[in-house]
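> Predicted model and sequence follow; I will ask about them next.
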Number of protein chains: 2
Amino acid sequence: MTDTIFDIAVIGGGPAGLSAALTGRIRNKNIALFEHLDFSLKLQKAHLVDNYPGLPQVTGKGLMQQMSAHCLAHEPKQIKAKVVNIFPGEETFTIATPQDIYQARTVILATGVVATTLFQGEKELLGRGVSYCATCDGMFYKDKDVAVIAYGSEGEHEANYLGELCRNVYYLPQYNTSLGLMRSDVEVLKVRPRSIQGDSQVEKLVTDQGEIKVHGIFIIRQSDPVENLLPGLELDGEVIKVNRDMSTSIPGVFAAGDCTGKPWQIAKATGEGLVAVLSAIHYLDQLKSKVLGPAKNELD
Amino acid sequence: MTDTIFDIAVIGGGPAGLSAALTGRIRNKNIALFEHLDFSLKLQKAHLVDNYPGLPQVTGKGLMQQMSAHCLAHEPKQIKAKVVNIFPGEETFTIATPQDIYQARTVILATGVVATTLFQGEKELLGRGVSYCATCDGMFYKDKDVAVIAYGSEGEHEANYLGELCRNVYYLPQYNTSLGLMRSDVEVLKVRPRSIQGDSQVEKLVTDQGEIKVHGIFIIRQSDPVENLLPGLELDGEVIKVNRDMSTSIPGVFAAGDCTGKPWQIAKATGEGLVAVLSAIHYLDQLKSKVLGPAKNELD
């Protein structure tokens, strides 16, 4: 944990997050930019973009390079890690990655679309056996049995760490690349998870090849469902509910880009990122005037 | 009047209008782009823009050149005229410029900020002696007395035209460039208008140097207050009230950019232009399905 309290934590480095971080830095705010997906994997794959005004016929990759270079030249603090939890506190938000925790006065969610279908039982048992972060929650499962469902090789580190703590660790890789170095006591299972079961706590993981009795299940995806990052955040269907100023149901939390709904387009994302960061700055100004109390001439 | 019915009339050629027209053309819609201010005079004057993601350190003029070239390459029908009135009809909107009228199925208002302070009495007497267009309304004042208040030399054409029809025409130029060729029976007055008076109809114009008795007052500004373009349009304070999909209180009418409120920023404008045009296209699709009736298999 560092001592810095950031003015604004921007979660996500696609067009919305880059736009927010860019204007935030130009407005001289202390910005943390959390980015672990190489600035929008989705856009990187776009063959040709022709409707971002002013930049005709660019490749997705070229556009992301221009946008990220433009933003990073203004030096936001870049943090290459996935945010796994955001806790609202009294004056700041605490933002957890698997490696570290950070503090910020406001948060802009620019996490993109999570095209994830949750496992049956996942939402109901979140925090009661289901977790997205071994570093955060591993200690709760000391000497117990856990499964790790992983959609990328970063899951291997999580499983190895859990191997030090837990009685039995089952590792279920859901990706095709070959496994790296893993502890011998981590049991690798080439099966597909189907559902998570348990009454008040996780009891078992059902797979296409039978059940595994476990106390805890760690799910390591590229992106987690955003409502699980920040419990209590109000949704509108599957997207984050926002007002015209991009504020959400939680004071101090703003959202921008694909995570607020369609159209999933670059100009919409950059526009919303801009509006979100200016709204966050307005919120910070109000916080400051609260702390400073009434203007001096009223006290005279 | 032309026979073409446009799918979408975009009113205004700043960043919001250009973004709407660009994506509309890419989506193969028949677009009329009404633009008479050289693609955002305001932005042209901006010395340096550094927060439009992907294009660092551009001049306002350079950015507008890139955006307008990008859009015009996709060939919207460019109409270099000021829209003075929009009339909702049963299936189409009628859009009037001083020279001609046009038809479109949907309208996107991207008229920017109108920093106009209205004259006292102007709003109350609009349509009852106050007009923004001599070509549209001049005939109502045949053999009567009118004043023309003009903020640019285009007012001279309006006054000359009224000189052919009316008994007395008073011309009040509110600009510094010298006057062009004007009819000798148009009386030029170097005075400042103060207010418009009358009970149910315009009776007189009050100036800093006395009153002028008139039946009609034509006010020729660079931009008219948008609520006067399209009567009944719901406002939120001084800006057009919009929903998240940029729809307004009038079905088929969308709005984008500075005319929907702050922040007055380019990325916000281009993002809203994009959202507005996609919403207009969605509206057109629904119109079409209404006309075609229920899907064929329901009739079988």
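That came through, no problem.

> Only C-alpha atoms from now on, for both contacts and neighbour counts.
Noted.

> which is the next helix or strand following the longest strand anywhere in chain A?
Using DSSP state E, we find that the single longest strand of chain A is strand A:101-109. Next in sequence after strand A:101-109, counting helices and strands by DSSP states H and E, comes strand A:130-131.

> Give me the residues contacting that following strand.
Defining contact as C-alpha atoms under 8 Å, 6 or more residues apart in numbering or on different chains, one finds that strand A:130-131 is touched by A:E122, A:D137, A:V202, A:G216, A:I217, A:F218, A:I219.

> Look at A:F39 and report its pLDDT.
For A:F39, the pLDDT comes out at 75.

> for A:I79, same thing?
So, for A:I79, pLDDT stands at 96.

> Who's the closest spatial neighbour of it, skipping the chain neighbours?
Distance criterion C-alpha to C-alpha, 6 or more residues apart in numbering or on different chains; nearest residue to A:I79, sequence neighbours excluded, is A:F34 at 4.8 Å.

> cool, and A:G198?
Closest to A:G198 by C-alpha to C-alpha, 6+ apart is A:K204, at 6.5 Å.

> does that neighbour have beta-bridge partners, and which?
Beta bridges link A:K204 to A:Q197, A:K213, judged by DSSP bridges.

> Please give me every residue in contact with it.
Per C-alpha under 8 Å, 6+ apart, neighbours of A:K204: A:I196, A:Q197, A:G198, A:E211, A:I212, A:K213, A:V214, A:H215.

> isn't the fourth one right next to A:L205, touching?
Yes - the pair A:E211 / A:L205 is scored as a contact, 5.7 Å apart, by C-alpha atoms under 8 Å.

> more neighbours, those two?
A:L205 (22 against 15; other C-alpha atoms under 10 Å in any protein chain shown).

> how close does the more buried one sit to chain B?
Distance of A:L205 to chain B, computed by C-alpha to the nearest C-alpha, to the nearest Å: 41 Å.

> show me what contacts that residue?
A:L205 is in contact with A:A147, A:P193, A:R194, A:S195, A:I196, A:Q197, A:E211, A:I212, A:K213, A:V214, A:I217, counting by C-alpha under 8 Å, 6+ apart.

> most surrounded residue in those?
A:I217 (29 neighbours).

> Give the rounded mean pLDDT of the longest helix along chain A.
Criterion DSSP state H: the longest helix present in chain A is helix A:266-292. Averaged across helix A:266-292, pLDDT comes to 91.

> Any buried residues in that helix, and which?
For helix A:266-292, burial by neighbour count (16 or more other C-alpha atoms under 10 Å in any protein chain shown) applies to A:266-281, A:283-284.

> Ok, stretch A:231-238 next?
In stretch A:231-238, counting by 16+ other C-alpha under 10 Å, buried: A:E234, A:E238.

> same check, this time on stretch A:35-53
Neighbour-count burial for stretch A:35-53 flags A:35-37, A:39-40, A:43-44, A:48-53 (criterion: 16+ other C-alpha under 10 Å).

> Which helix or which strand is home to the residue sitting nearest the centre point of chain A?
The centroid of chain A falls nearest to A:V83 when counting by C-alpha atoms, centre = their mean (4.1 Å). Under DSSP H and E, no helix or strand contains A:V83.

> doesn't A:P98 make contact with it?
Yes - taking C-alpha under 8 Å as the definition, A:V83 is a contact partner of A:P98 at 7.5 Å.

> Could you say which helix or strand holds the closest residue to A:F119 other than its chain neighbours?
Excluding the flanking residues, the one nearest A:F119 by C-alpha to C-alpha, 6+ apart is A:S195, at 5.3 Å. Using DSSP H and E, the element containing A:S195 is strand A:193-197.

> Contacts for that strand, please.
A:F119, A:Q120, A:G121, A:E122, A:I149, A:V202, A:E203, A:K204, A:L205, A:V206, A:T207, A:D208.

> what sits against the first one?
Think A:F119. Here A:F119 is in contact with A:R194, A:S195, A:I196 (criterion: C-alpha under 8 Å, 6+ apart).

> any idea whether A:V169 is helix, strand or coil?
Three-state assignment for A:V169 (DSSP: H, G, I helix; E, B strand; the rest coil): strand.

> Please give the number of neighbouring residues around it.
Look at A:V169: counted by other C-alpha under 10 Å, it has 26 neighbours.

> for chain B, what are the nearby residues on the stretch 1-150 of chain A?
A:15, A:18-19, A:22-23, A:26, A:51-56, A:63-64, A:66-71 (C-alpha under 8 Å from any C-alpha of the partner chain).

> now the residues you listed: which count as buried?
Of the residues of the stretch 1-150 of chain A next to chain B, these count as buried by 16+ other C-alpha under 10 Å: A:15, A:18-19, A:22-23, A:51-56, A:63-64, A:67-71.

> Next step: the residues you listed restricted to helices.
Among these, the members that lie in helices (by DSSP H) are A:P15, A:L18, A:S19, A:L22, A:T23, A:L63, A:M64, A:M67, A:S68, A:A69, A:H70, A:C71.

> From A:F39, how far out is the first one?
Relative to A:F39, A:P15 is positioned 8 Å away (criterion: C-alpha to C-alpha, to the nearest Å).
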